[in-house]
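Asker: let me see the structure of the following:
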Amino acid sequence: MKTELKAKFLQHILAKKKGDEGFTLIELLVVIIIIGILSAIALPSFLNQANKAKQSEAKTYVGSMNRAQQAYYLENTTFSTSIGQLGLGIATQTVNYKYDAVSADASTVNNRAIVLTSTAPLKSYIGGVEVTTQQATNEATTVAVLCESSSAMVNSGVNADVAAAKITYTAGAPTCAANFVSLAK
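Answerer: Here you go, the predicted model:
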């Protein structure tokens, strides 16, 4: 009987070891392949969202610069080409964009967000503010426009054209330059 008990005990130990062996190579490969497929699906979406967040910074900055230019003009009857004078507390250069303000004449100003890296999948932005007279009341007012480049830098974007791009100001209706689309007025 003692030998029977020993044999059963050894069978129990051997059966227990087989249950603790772990995963087979095929099981591990299947899991790795599934993780690879999921990451291949999710990664482009994640990168696209990261680029949208970077572009959101530029849109917000240029939109804020437009509003600040309107307020600055109300107080000083002129536009500012110094971002510091606008009192926004924004940097003139971030990791992805360089910001500036260019005044063509006393009644217009262009606020620009220029992409720093030519291979970046980011778009450029131009904002414009114009002083115009309302026809009905003959009062002076300011109008603004925010323009986004049609394509990103990596896709033959128009970063080089941002410096040359001019918003057209006609009768209180600023319009975006070529290769730019209007986002908001």
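
Asker: contacts for stretch 47-59?
Answerer: 94, 96-97, 113, 121-125, 146, 148, 152, 183 (Cβ atoms under 8 Å, 6 or more residues apart in numbering). Where you see a C-beta, it was placed from the backbone N, CA and C, and this is true even at glycine.

Asker: show me which of the residues you listed is closest to residue 81.
Answerer: When the contacts of stretch 47-59 are ranked by distance to residue 81 (Cβ to Cβ), residue 113 comes first, at 15.3 Å.

Asker: export the contacts of stretch 47-59 as a markdown table, with columns for neighbour count.
Answerer: Below are the contacts of stretch 47-59 laid out as a markdown table (neighbours: other Cβ atoms under 10 Å):
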| residue | neighbour count |
| --- | --- |
| 94 | 15 |
| 96 | 17 |
| 97 | 24 |
| 113 | 27 |
| 121 | 18 |
| 122 | 24 |
| 123 | 24 |
| 124 | 29 |
| 125 | 28 |
| 146 | 23 |
| 148 | 20 |
| 152 | 19 |
| 183 | 15 |
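
Asker: strands of the chain, start to end?
Answerer: For the chain, strands defined by DSSP state E occupy the ranges 97-105, 108-115, 125-133, 140-149, 168-170, 173-175, 180-184.

Asker: mean pLDDT lowest where, among those strands?
Answerer: Mean pLDDT is lowest for strand 168-170 among the strands of the chain, at a mean of 77.

Asker: show me what that one is packed up against.
Answerer: Other helices and strands packing on strand 168-170, by 3 or more Cβ pairs under 8 Å, 6 or more residues apart in numbering; DSSP states H and E, are strand 125-133.

Asker: how about 6 Å then?
Answerer: Helices and strands touching strand 168-170, by 3 or more Cβ pairs under 6 Å, 6 or more residues apart in numbering; DSSP states H and E: there are none.

Asker: got the contact list for it?
Answerer: Contact with strand 168-170 is made by 108, 130, 175, as judged by Cβ atoms under 6 Å, 6 or more residues apart in numbering.
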